[in-house]
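Chemist: got a predicted model here, sequence first, then my questions.
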Amino acid sequence: MNKQTFAIKGMHCASCVYTNEKALKAISGVKDAVVNLNTGKVTITAALPIGNDVIKKAVESVGYEAMVEEDNKNDSLDEKIKKEKAKELKNLQIKTTVSLVLAGLVVWGSFPGLMEIAPAILKNIFNQLILASIVQFWAGYDFYKAAVSSLKHRLANMDTLVVIGTTVAYIYSGALVFYPSFFERFNIKAEPYFDVSSVIIGLILLGRFFEARAKAGTGEAIKKLIGLQAKTARVIRNKKEMDIPIEEVVAGDILRVRPGEKIPVDGMIVEGDSAIDESMVTGESIPVDKHKGDTVIGATMNRSGSFLYKATKVGKDTMLAQIIKLVEEAQGSKAPIQRLADVISSYFVPIVIMLAIATFAGWYVFGSSPVFIHAMLNSIAVLIIACPCAMGLATPTAIMVGTGIGAEHGVLIKDAESLETAHRVKTIVFDKTGTLTKGKPEVTDTIIEARQRNFLSQWGPLHPKSEKNLISTLLQISASIEKNSEHPLGEAIVKKAESEQLRLIKVTKFRSITGKGVEGVINGKKVYVGKLLGSDSYPEGEKLKEQGKTVVYVYIDNKLTGLIAIADTIKDTAVEAVKSLKKAGIEVYMITGDNKQTATAIAGKLGIKKENVLAEVLPEDKEKKVKELKKNNNVVAFVGDGINDAPALAAADVGIAMGSGTDVAIEAAGITLVNKNLMSVVSAIKLSKQTMKTIKLNLFWAFAYNVVLIPVAMIGLISPILASGAMAMSSISVVTNSLLLKRQNI
Amino acid sequence: MPIDKILVSIFGLLSILFTFWFFFMKKTNTVQAEGSIDVLVEGGYKPDRISIPYGQTTKLVFERKDSNSCLEDVVLADFKIKKPLPMNEKVAIEITPDKKGEFDFSCGMGMFHGKLIVI
């Protein structure tokens, strides 16, 4: 009997169990179907395995969804690749070792200076032929296979070059072994070149082995991200707690997370508090305090408290899954710089073949004697020294490493093009609210009018004596009134009072005066909170206004008693970020709908130049401003929250969206920053610069190598063996250079 | 000039011309894909010019029969897709082009190329 277990999505009650069991039992061949409502799992027993499609259809027909293997298909693909890679590496290791040992023996038996001390058995050219044949056809089998299948398509690649080069040396040497007299007629010494063919293959295999090992390191970041995923979740269903595999968690489930545990999926805390380490996903190193109502991110680590939360996003929708998808997509895209390299490398190999033929003919006609030997060895050197692989590896490996490092730091790059453009950015425009500032007004100053001090200290419900208590009283009174209004400024006052744990007092006769403020009666006295009344002027208030703050005045019994200043506060990291960007030679702008005075005051605090403040800009005009800045080929980045500034993000050369909750797939942005740390903008630019530097160095290295060494080989200054060593080194050095990106401090 | 040198010169020149003709002058056939198309990955892509309809989903089923590590990934950069191709395994890639034109696809290192022609 065959048993299959899978999950069903959407079951809530006992009747769901019955319907599903019935539908599944109706499938021909199914003997039994048992649904467990608690785990949401079904086990069917059948004589033969039932196809996923059949199961899906049966469950669908009664209105549910079967979670059969499908989702795991990708995993198994990755798994297969992993196994294949391991096998390939092992295989390469064996072939490399054997061919290098055999090639070493051939060299010992044939190289002048060494052969004199070699045992006779190695000096025997028949034995050399046997050793070289093993290397040529066993170790070099893959080169032949790849070259032949390419030639069928009239394509040539690196394998073609290796095959032509080594086969020429091998066949020539083989012919020499069997028909020495034929060559002696042309005054050619019976001296085989088995060392050339076998050493080349050995060294190129060695190069491939190191290259394969290094290349595995370039994809590490994504593997790390995938590995972050929790395996199980502790879910509460039907008042029972149970551990279930993460795939079976559905949105709406209530989950428990204990200290030291991983948070399984995205959600919102419904009970309890904790400090959560989100560094693995957002790159933010300081644990974040979370309370009821706060969102939590799957795959992050719960540090201190135990809490319950409601799953909001599962499976492909979680932040981690989105991040993985974004990084994978970025690694699948091509940087514009690579397209050029691609075009060149597609013509490269046939051109090298033509150059090798020209080298042969040139040396045969014009070279020194023995012309045939010189012509052959030099043309082999040309074939072998050419390294298209270095060109092919230059860009993709750097992009792989670059996007991976970005993800580790909470910098998600949408595609290679954005990564390439970001390093040319000369101007950065920051949206003010929510980007440079926290986006939530907060009480910054509370001032008591000197003349009313006495009155307040006697009247106040707290009978305050100290200055601190006086201020608390003013806040308490204002908050009690504002509690009844819905104005965002009022909300800031109430929040402040709550954070200081001030008890709100009962208010009667509350009314809102449009355009002015609010008023009500507290303990028999009329309290007004709002704009300055009548002809009153208050220098302290004016001063605060100049700093870009909004000031509300508090009157008790029509007497000005104090004022409260409210402002959107600057993010902790904003000043440092602006400073770093300016230091990097980038012009920093701020764009906002605020009035000029407020905007300039905030810009001043941030260190942004007065003339770089774009104030009183309507949301729909932000895009226009960005386009204006783009004139004269100025490369402009726009940093916003990605919610209501999508057109400006899209209009900029590089749109950078700052983290907003758990949604990272922001279409208009080229770069998404997962955390709220503004220094990530600096990191993104730095990362782009470092990656481009690596790519350029790689490409320079790869091209210069080929451009310089091919002519050198043509004029006969490089032996084929040296050529194969240089070739192997050039690919390795390109991949290693890309891996060095990991060491950069961004 | 001795006869052998003349022969080598002529033969060399002919070989260069042959190489040029062989690799650069090949005719390419465009294969029309309807819904789904199998692409054999062996020393390149077969077919390597595939025309697919605009706005409709086409399934490209790649099957790699070549152990050359160059071909282990297929990259459709314009569609931001990079997929590993295990040996002898059919890997389906679905694309729904939202722009017309010619789009390159290649192996991970950009050595082997094919074209998708969206019409």
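Modeler: Arrived safely. Please read all numbers here as calculations on a predicted model, not as lab measurements.
Chemist: next SSE after the helix or strand of chain A with the lowest mean pLDDT?
Modeler: Here the helix or strand of chain A ranked lowest by mean pLDDT, DSSP states H and E is helix A:453-459, holding a mean of 74. The C-terminal neighbour of helix A:453-459 among helices and strands, as given by DSSP states H and E, is helix A:467-482.
Chemist: what's next to that next one, contact-wise?
Modeler: Helix A:467-482 has contacts (Cβ atoms under 8 Å, 6 or more residues apart in numbering or on different chains) with A:443, A:446, A:448, A:453, A:456-457, A:460-462, A:464, A:489-491, A:493-494, A:496-498, A:500, A:502-507, A:510, A:518-520, A:522, A:527, A:529, A:552, A:554, A:556, A:561-562, A:564. Quick note: C-beta positions are derived from backbone N, CA and C, even for glycine.
Chemist: let's see which of the residues you listed end up in helices.
Modeler: A:453, A:456-457, A:489-491, A:493-494, A:496-498 (DSSP state H).
Chemist: between these, identify the one with the most neighbours.
Modeler: Of all the ones in helices among the contacts of helix A:467-482, A:Ile493 has the most neighbours under the rule other Cβ atoms under 10 Å in any protein chain shown, reaching 29 neighbours.
Chemist: which ones are touching that one?
Modeler: Neighbouring residues of A:Ile493 by Cβ under 8 Å, 6+ apart: A:443, A:475, A:478-479, A:482, A:529, A:552, A:564, A:566.
Chemist: Serialize the residues you listed to TSV and add fields for neighbour count.
Modeler: Shown next, in TSV, are the contacts of A:Ile493 (neighbours: other Cβ atoms under 10 Å in any protein chain shown):
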residue	neighbour count
A:Val443	24
A:Leu475	23
A:Ser478	28
A:Ala479	26
A:Glu482	29
A:Val529	27
A:Val552	25
A:Ile564	27
A:Ile566	22
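Chemist: just want the most central residue of chain B.
Modeler: By Cα atoms, centre = their mean, chain B has its centre lying nearest to B:Gly114, at 3.1 Å.
Chemist: ok, and what's touching the helix or strand hosting that residue?
Modeler: In the assignment (DSSP H and E), B:Gly114 maps to strand B:113-118. With contacts defined as Cβ under 8 Å, 6+ apart, strand B:113-118 is touched by A:342, A:346, B:30, B:39, B:44-45, B:47-54, B:76, B:95, B:97, B:99-106.
Chemist: likewise stretch A:160-173?
Modeler: With Cβ under 8 Å, 6+ apart as the test, stretch A:160-173 has contacts from A:128-129, A:132-133, A:136, A:140, A:143-144, A:147, A:150-151, A:192-194, A:196-197, A:200-201, A:204, A:349, A:352-353, A:356, A:376, A:379-380, A:383-384, A:386, A:720.
Chemist: list the buried residues in that stretch.
Modeler: Buried residues in stretch A:160-173, counted by 16 or more other Cβ atoms under 10 Å in any protein chain shown: A:160-170, A:172-173.
Chemist: what is the nearest of those residues to A:Asn634?
Modeler: Nearest to A:Asn634 out of the buried residues of stretch A:160-173 is A:Leu161 (Cβ to Cβ; 45.2 Å).
Chemist: quickly find the element holding the closest one.
Modeler: In this structure, A:Leu161 is located in helix A:158-178 according to DSSP H and E.
Chemist: next: A:Ala637.
Modeler: Counting by DSSP H and E, the element that carries A:Ala637 is strand A:636-640.
Chemist: over to A:Pro441?
Modeler: Element membership of A:Pro441 [criterion: DSSP H and E] is strand A:437-448.
Chemist: give me the sheet partners of that strand and which way each runs.
Modeler: Paired strands of strand A:437-448, with direction, are strand A:559-570 (antiparallel) (DSSP bridges).
Chemist: would you mind identifying the next helix or strand past the strand it pairs with?
Modeler: Next helix or strand after strand A:559-570 toward the C-terminus (DSSP H and E): helix A:574-583.
Chemist: gap between that following helix and the chain center?
Modeler: What separates the centre of helix A:574-583 from the centre of its chain is 23 Å, taken as Cα atoms, centre = their mean, to the nearest Å.
Chemist: elements contacting the least confident helix or strand of chain A?
Modeler: Under the contact criterion of 3 or more Cβ pairs under 8 Å, 6 or more residues apart in numbering or on different chains; DSSP states H and E, helix A:453-459 touches helix A:467-482, strand A:550-556, strand A:559-570.
Chemist: dump those to TSV, plus mean pLDDT.
Modeler: Listed next are these as TSV, based on pLDDT from 0 to 100:
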stretch	mean pLDDT
helix A:467-482	82
strand A:550-556	87
strand A:559-570	86
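Chemist: okay, these in JSON lines with distance to A:Lys310 next?
Modeler: Output for the helices and strands packed on helix A:453-459, formatted as JSON lines (distance: least, Cβ to Cβ, whole Å):
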{"stretch": "helix A:467-482", "distance to A:Lys310": "31"}
{"stretch": "strand A:550-556", "distance to A:Lys310": "36"}
{"stretch": "strand A:559-570", "distance to A:Lys310": "30"}
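Chemist: cool, thanks, talk later.
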